[in-house]
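In: mind looking at a prediction? Sequence and model below.
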Amino acid sequence: MKQRPNFKELPIQPSGLYWENDFVDAEHEQRLISIFTKELVWPDRPGRISLHYGYTFDYKTFGIDPEIPYKEFPDWLQPLIPTTEDRLPDQVCLQFYPPGAGIPPHVDAHAPYDQLYALSLGAPAMMVFGQGEKRIEVDLNPRSMMQMTGDSRLHWTHGIKKRKTDTLPDGTVRLRENRWSITYRWLREGDCECGNLTYCDTAQSRNGTEKEKRSVKALAEKANSEDPAS
Ligand SMILES: O=C(O)CCC(=O)C(=O)O
Ligand SMILES: [Fe+2]
């Protein structure tokens with residue numbers, strides 16, 4: 001793993017959330033947003049929309065969809081790839097959140113994916129981490145790169161509420177505006193051994209097929225709904 005001195009673990013619960021502000025500068029961000037809005041062809045529907053690069057995940061098999069050919073990373077994406085892993089990510093997803101859009105609370109499936117990073121661009125939005133009754137809000141400030149490892153990756157859910165405003169800790173009400181995120185995923189080598197029966201699809205499938213079927217069904221529904229998770 002290459003060192004990134006600016007990549008620091010946030011001193012919060014959940015543990016394992018690494019952060020780097022200003023991963024790109026404001027001018028670079030504007031160039032990217034101009035490409036996103038003027039050059040890319042997006043799905044034509046309201047709410048959160050996504051474009052995929054690299055391999056496309058198959059929600060039925062939890063593997064790579066053999067029907068969808070590998071999509072090379074476009075030129076604009078190359079400098080945005082985290083260099084802190086030993087290899088390139090296997091799947092990259094660019095998402096657009098218009099004001100009011102969100103992503104339901106979820107844990108990115110443990111079985112297929114290991115490392116998970118997300119870059120935020122455009123307007124900020126509040127991400128909510130949850131575990132049981134606990135809720136922790138983390139402000140996804142633009143141009144920041146986040147890495148979810150450990151507890152934040154495996155043992156807490158994360159999501160963005162579907163709402164038009166976020167209330168900051170000091171009481172300020174902030175309007176949501178256009179936000180883009182790029183999530184990077186590395187396929188897991190071997191099985192997840194975390195054993196968390198609440199959040200781990202591998203632990204659930206080892207424990208009996210019923211839960212596995214439910215989680216596959218839920219993921220497939222999420223993938224096909226108007227508000228898919230990736
Ligand atoms: O938009 C983001 O920053 C995160 C999205 C996310 O959680 C996901 O795609 O799994
Ligand atoms: Fe996620």
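Out: Nice, thanks for sending it over. Predicted model only: the values in this text are computed from it and were never measured. Ligands and ions are numbered 1, 2, ... in the order given.
In: phi and psi next, for the residue lying closest to Asn21 once chain neighbours are set aside.
Out: With sequence-adjacent residues excluded and distances taken as CB to CB, 6 or more residues apart in numbering, Asn21 is closest to Ser144, at 5.1 Å. C-beta: built from backbone N, CA, C; applies to glycine. Summarising the backbone geometry of Ser144 under the convention degrees, to the nearest 10, its torsions are phi -90, psi 150.
In: what about Ser144, distance to ligand 1?
Out: When distances are taken as CB to the nearest ligand atom, to the nearest Å, Ser144 and ligand 1 turn out to be 10 Å apart.
In: next up, the contacts around that residue.
Out: By CB atoms under 8 Å, 6 or more residues apart in numbering, the contact list for Ser144 reads Trp19, Glu20, Asn21, Asp22, Phe23, Leu119, Ser120.
In: near ligand 1, which residues of the protein are found?
Out: For the chain, the residues in contact with ligand 1 (CB under 6 Å from any ligand atom) are Cys93, Gln95, Ile103, Asp108, Ala118, Ser120, Leu140, His158, Ser181, Thr183, Ala229, Ser230.
In: what's around Ile160, how many residues?
Out: Other residues near Ile160 number 21, with proximity taken as other CB atoms under 10 Å.
In: ok, it touching Gly102?
Out: Yes. Here Ile160 lies in contact with Gly102, judged by CB atoms under 8 Å, at a distance of 4.2 Å.
In: tell me which helix or strand Leu32 sits in.
Out: Taking DSSP states H and E as the definition, one finds Leu32 inside helix 26-38.
In: please work out the average pLDDT along that helix.
Out: Taken as a whole, helix 26-38 has an average pLDDT of 98.
In: so what does it touch, helix or strand wise?
Out: In this structure, helix 26-38 packs against strand 113-122, strand 179-187, with contacts taken as 3 or more CB pairs under 8 Å, 6 or more residues apart in numbering; DSSP states H and E.
In: could you check the angle the first one makes with helix 26-38?
Out: Between the axis of strand 113-122 and that of helix 26-38 there is an angle of 100 degrees, by axes from the mean of the first three to the mean of the last three CA atoms, to 10 degrees.
In: partner strands of strand 113-122, with direction?
Out: Taking DSSP bridges as the criterion, strand 113-122 sits next to strand 145-148 (antiparallel), strand 179-187 (antiparallel) in its sheet.
In: now do the buried residues in the next helix or strand after the longest one.
Out: Stepping forward along the backbone from strand 179-187, the first helix or strand reached (DSSP H and E) is helix 201-207. Along helix 201-207, these residues count as buried under the neighbour rule (16 or more other CB atoms under 10 Å): Asp201, Thr202, Ala203, Gln204, Ser205.
In: can I get those in TSV including distance to Met126?
Out: Putting the buried residues of helix 201-207 into TSV (distance: CB to CB, whole Å) gives the following:
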residue	distance to Met126
Asp201	27
Thr202	30
Ala203	29
Gln204	29
Ser205	33
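In: and the closest residue to ligand 1 within the chain, what does it touch?
Out: Closest to ligand 1 within the chain is Ser181: 3.3 Å, counting by CB to the nearest ligand atom. Under the criterion of CB under 8 Å, 6+ apart, the contact list for Ser181 reads Leu94, Gln95, Tyr97, Ala118, Leu119, Ser120, Leu121, Leu140.
In: wait, isn't the third one in contact with Ile160?
Out: Yes. Between Tyr97 and Ile160 there is a contact at 7.0 Å, judged by CB under 8 Å.
In: hey, what's in contact with both of those two?
Out: Common contacts of Tyr97 and Ile160 (CB under 8 Å, 6+ apart): Ile103, Ala125.
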